[in-house]
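J.: when you get a sec, could you give me coordinates for this:
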Amino acid sequence: MTTLPQYARSTDPEVIAAVERNRQYEAEFHRKIQALSEKWTGKPDNAWYRHGGGGSVFTGLRMTRERVEEAPGQWKKPDRNGAVRPYKSNPLSEEFSIVAEHEQVPGRPSLLWGQNWMGGGSLFVHEGAAWSGVGFVPDAPADERWTEVLASEFHAALEAVNAR
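T.: Residues are numbered from 1 along each chain as shown. Next up is the predicted model:
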């Protein structure tokens, strides 16, 4: 095993398939939280969520006090972002329990660490390859499926994906 480079690329079919499935899980997660936000606030972008290397978790909606008071059951007080959630005993709690769990990408840990830094980094597919980038030099194991690329190559691929 070697150390994962800060910027890497893989053409391994298993790696590419895992990254694509994770992208699909994330897209479905966003559709669900947008629909929930639209239903309860009238706007699709009033949802808060937390994203990490292992997936995303819905954390609450920015709802007006009047809307919370109209909703059934008990609700927690707004957090520091103004997001509210129902108590677990509230029948709506299950509707608000939205999670996108990512699968492990072969040869690359979900959580990366480096000198005083930790994070999931970026993973995406572009032109038949999976790309990995981190804002710090990771101290994490990798295998032969990942090869180092120049930062400029990674950023060019990322710009092309973001331009879509």
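
J.: how many other residues sit next to Glu144?
T.: By other CB atoms under 10 Å, the residues close to Glu144 number 10. (C-beta placed from N, C-alpha, C; glycine too.)

J.: separation between it and Arg31?
T.: 36 Å (CB to CB, to the nearest Å).

J.: next one: Gly128
T.: Taking CB to CB, one finds Gly128 at 26 Å from Arg31.

J.: these two: which is more packed in?
T.: Arg31 (12 against 8).

J.: which strand or helix spans the more buried one?
T.: Assigned by DSSP states H and E, Arg31 belongs to helix 13-41.

J.: quick check: buried residues in that helix?
T.: 15-16, 18-19, 22, 25, 29-30, 32-33, 36-37, 40-41 (16 or more other CB atoms under 10 Å).

J.: just the closest of those to Ala100, please.
T.: Distance to Ala100 across the buried residues of helix 13-41 (CB to CB) is lowest for Phe29, with 3.3 Å.

J.: for the residue nearest the centre of the chain, report the pLDDT, please.
T.: Nearest to the centroid of the C-alpha atoms of the chain, with distances taken as CA atoms, centre = their mean, sits His51, at 4.0 Å. Here, the pLDDT recorded for His51 equals 82.

J.: ok, it - contacts?
T.: Listed by CB atoms under 8 Å, 6 or more residues apart in numbering, the contact partners of His51 are Gly120.

J.: can you name the residues bridging to it?
T.: Assessed by DSSP bridges, His51 has beta-bridge partners Ser56.

J.: ok, Arg62 next?
T.: Beta-bridge partners of Arg62, as defined by DSSP bridges: Ala83.

J.: do you know how far it is from Ser10?
T.: For Arg62 relative to Ser10 (CB to CB), the value is 39 Å.

J.: who's more crowded, these two?
T.: Comparing Arg62 with Ser10 by other CB under 10 Å, the one with more neighbours is Ser10, at 26 against 18.

J.: all helices for this structure, in order.
T.: Counting by DSSP state H, the chain has these helices, from start to end: 13-41, 65-70, 151-163.

J.: need the least confident one among those, by mean pLDDT.
T.: Averaging pLDDT over each of these puts helix 65-70 lowest, since it has a mean of 87.

J.: for Glu38, which non-adjacent residue is spatially closest?
T.: Counting by CB to CB, 6 or more residues apart in numbering, the nearest residue to Glu38 once its immediate chain neighbours are dropped is Pro44, at 4.8 Å.

J.: the one you found: neighbour count?
T.: Using other CB under 10 Å: Pro44 sits among 15 other residues.
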